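Engineer: kindly generate the corresponding structure for this input.
(one chain, ligands or ions: 2)
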Amino acid sequence: MIDQAREILRSTFGYDAFRGEQEGAIAAILGGRDAVVLMPTGGGKSLCYQIPPLVTQGCALVISPLIALMQDQVTALEQLGIAGACLNSSMSPSAQARVTAQLRAGELRLLYIAPERLLQENTLAMLRNADITLIAVDEAHCVSQWGHDFRSDYLELGRLRAAFPGVPRVALTATADERTRADIATRLELEQPAWFVGGFDRPNIRYTVRPRANAREQLARFLSGHKDSAGIVYCMSRRKVEQTADWLCAQGFNALPYHAGLGAETRRDHQHRFVRDDGLIMVATIAFGMGIDKPDVRFVAHLDLPKSVEAYYQETGRAGRDGDPAEAWMVYGLEDVVRLRQMLEESSSGEEHKRVERHKLDALLGWCEAITCRRQPLLEYFGERHSEACGNCDNCVEPPKTWNATEDAQKLLSCMYRTEQRFGAAHVIDVLRGANTDKVRQHRHTEVSTYGIGANQTVQHWRSILRQLMVRGAVFADIEGFGALKFGPDARAILRGDVEMFLREDIAESRKTRQRASSVQVAPEEQDLWDQLRACRKRLADEQGVPPYVIFHDRTLRDMLSLRPASLADMLEVSGVGQAKLERYGQAFLDELRTL
Ligand code: ADP
Ligand code: ZN
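Structural biologist: Residues are numbered from 1 along each chain as shown. Ligands and ions are numbered 1, 2, ... in the order given. The predicted structure is shown next:
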């Protein structure tokens, strides 16, 4: 049967080989076993349940909490010539009746359904009369109270075991957490499931963290390496979202805002355009992203630090689901450290909770300041060890220099000491640099011995040191003291010269020489043809009202560029071109390729 599965992979999906754990999972399912599939976003989970019903000619029930995505999935299947449908309460009764009839006639290979709908008695009764050969529980981590997406309906899914005896069930998720894994198997009452655990690495995503100097300029420079690409720019506040989107538009970028303060209509419209148009930038709060499975998001940029490493990994994971090069880029500065620590301390949650949150924040800050490969600690955080540096993060591509900052750190600390640890960063740095401000004069800080001893260095330089001292815990901003900088436990040892401080030399954005964008899609001489193929795809997509990637992924278009098929038979060699798409679109793209 696995040979049949391979043939379907080729003829229907247009792919040559299974990826990672796909083959094992499909074999187990076809052998009638329950299974748990853990793969990162973009790993190819859906094929694991889409192929078995095509082999058995039965129907797979796919349980998913994201009703908004179901129709997209069905549309994508339709393009592949696979009979799929969804059943949810937002559909008209006649549409629902049609699906039921198709199901009874044995015409459907995949039926997407929300858990609350599935568990209604009449739905279950209807399904028991159909030829259900597989039950797939997508987003299976929703069953766990440990995770952040817990859904009580998911707890009921254990009942499926008795309702569909002997029908294999497969649970799929991209969440790695140990406790969640255990919960999935027990809560869903899987019977000795076969486990398929793919790594959580997203090797096509390049991680970059830059010290914030002028965030907008830095962003514009970053975006200039991503012309015509779709991406997300995350900001903390609604106001900043609006301002950043306006600014980007004024700079000639194609950007839209998204946050919870916009009307439902506007949000829907902006999300729709992000999915349908090529190369739109969404400037958003974290309200945006859940339930977006656009595969060709080429970058995720953060203008503010996220809350934790998990949040960061989830948000950046929205880039590059199609496996093509993508970037996770972030600017980060002293303000983030102060702001996030402050928010945490001021929150009303209990001390125990705060301790956990503090720990999480420290892990993230430490990660930002890392001078070695960023991927290794990121994956380690999720329990995965990688002994080699990745070669695809900023620290690997351009190893940061460190310098002996002991003396400057001492200057800064002693300036805090001389001003009695009563002032915030801006003032301490003013005193260090010998600034002549009202506040300096008012407090007679021209008279302290550290006045002006740091005049030879920029504000940026001092802020960089201060930021790193704060991350190390040598300095903290006292919330009750209106943000005054105070000595942490390590400060005195540094001041006495007992420890040396080696700090990261912040890389200025202008040192761009080796910082080529990792996601340049095609060679310059192929740009015209590439644009032409994309325009063709967009035209075909618009005619049917579907997103362009549903027609073909970028990778397929790129494969066309390199293979230059001259006939329909050649076209079948292109990755992502199966029988149904060949018939629908093969000729149109051949015509484009022929015009040059
Ligand atoms: P997930 O659900 O795990 O996030 P998907 O199932 O959406 O991932 O797959 C991600 C992308 O990878 C899709 O565009 C899919 O067509 C593609 N893909 C999956 N399996 C293969 C394969 N064996 N060969 C090539 N591409 C694949
Ligand atoms: Zn690396």
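Engineer: give me the neighbour count for H359.
Structural biologist: Counted with other C-beta atoms under 10 Å, the neighbours of H359 add up to 11. C-betas here are computed from N, CA, C, even on glycine.
Engineer: where's it, which helix or strand?
Structural biologist: According to DSSP states H and E, H359 maps onto helix 351-368.
Engineer: packing partners for that helix?
Structural biologist: Other helices and strands packing on helix 351-368, by 3 or more C-beta pairs under 8 Å, 6 or more residues apart in numbering; DSSP states H and E, are helix 309-316, helix 334-346, helix 375-381, helix 459-471.
Engineer: make a markdown table out of these and add mean pLDDT and distance to ligand 1.
Structural biologist: Formatted as a markdown table, these follow (pLDDT from 0 to 100; distance: least, C-beta to the nearest ligand atom, whole Å):
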| stretch | mean pLDDT | distance to ligand 1 |
| --- | --- | --- |
| helix 309-316 | 89 | 13 |
| helix 334-346 | 87 | 30 |
| helix 375-381 | 90 | 17 |
| helix 459-471 | 90 | 33 |
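Engineer: looking at the ones you listed, which is nearest to ligand 2?
Structural biologist: The closest of the helices and strands packed on helix 351-368 to ligand 2 is helix 375-381. By C-beta to the ion, the value is 4.7 Å.
Engineer: what's the first helix or strand after that closest one?
Structural biologist: Using DSSP H and E, the next helix or strand after helix 375-381 towards the C-terminus is helix 394-397.
Engineer: so C396 sits against Q376, correct?
Structural biologist: No - using C-beta atoms under 8 Å, C396 is not in contact with Q376, being 9.6 Å away.
Engineer: mutual contacts of these two, please.
Structural biologist: When contacts are counted by C-beta atoms under 8 Å, 6 or more residues apart in numbering, C396 and Q376 have A389, C390 as shared neighbours.
Engineer: check contacts around the closest residue to K401 other than its chain neighbours.
Structural biologist: Excluding the flanking residues, the one nearest K401 by C-beta to C-beta, 6 or more residues apart in numbering is E505, at 4.3 Å. By C-beta under 8 Å, 6+ apart, the contact set of E505 is P400, K401, T402, W403.
Engineer: against Y15, how distant is the second one?
Structural biologist: What it means is K401. 44 Å (C-beta to C-beta, to the nearest Å).
Engineer: of the two, who's got more company?
Structural biologist: Each of K401 and Y15 has its neighbours counted (other C-beta under 10 Å); Y15 has more, 17 against 11.
Engineer: check contacts around the closest residue to that one other than its chain neighbours.
Structural biologist: Of all residues not flanking Y15 in the chain, L9 sits nearest, at 5.3 Å (C-beta to C-beta, 6+ apart). Applying C-beta under 8 Å, 6+ apart, one finds that L9 lies in contact with Y15, D16, A17, F18, L47, I51.
Engineer: before we move on, which element is the last one in?
Structural biologist: Remark: I51 resides in helix 45-56, with elements defined by DSSP H and E.
Engineer: can you dump the C-alpha atoms of that helix in PDB for me?
Structural biologist: C-alpha atoms of helix 45-56 as PDB (Å, rounded to 0.1, in the frame of the first residue of the first chain):
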ATOM      1  CA  LYS A  45       1.600  17.300   8.400                       C
ATOM      2  CA  SER A  46      -1.400  17.500   6.200                       C
ATOM      3  CA  LEU A  47      -0.100  14.900   3.700                       C
ATOM      4  CA  CYS A  48      -0.100  12.400   6.500                       C
ATOM      5  CA  TYR A  49      -3.900  12.300   6.600                       C
ATOM      6  CA  GLN A  50      -4.600  13.400   3.100                       C
ATOM      7  CA  ILE A  51      -2.900  10.500   1.400                       C
ATOM      8  CA  PRO A  52      -4.400   7.500   3.300                       C
ATOM      9  CA  PRO A  53      -8.000   8.000   2.200                       C
ATOM     10  CA  LEU A  54      -6.800   8.400  -1.400                       C
ATOM     11  CA  VAL A  55      -5.300   5.000  -1.100                       C
ATOM     12  CA  THR A  56      -8.200   3.300   0.700                       C
END
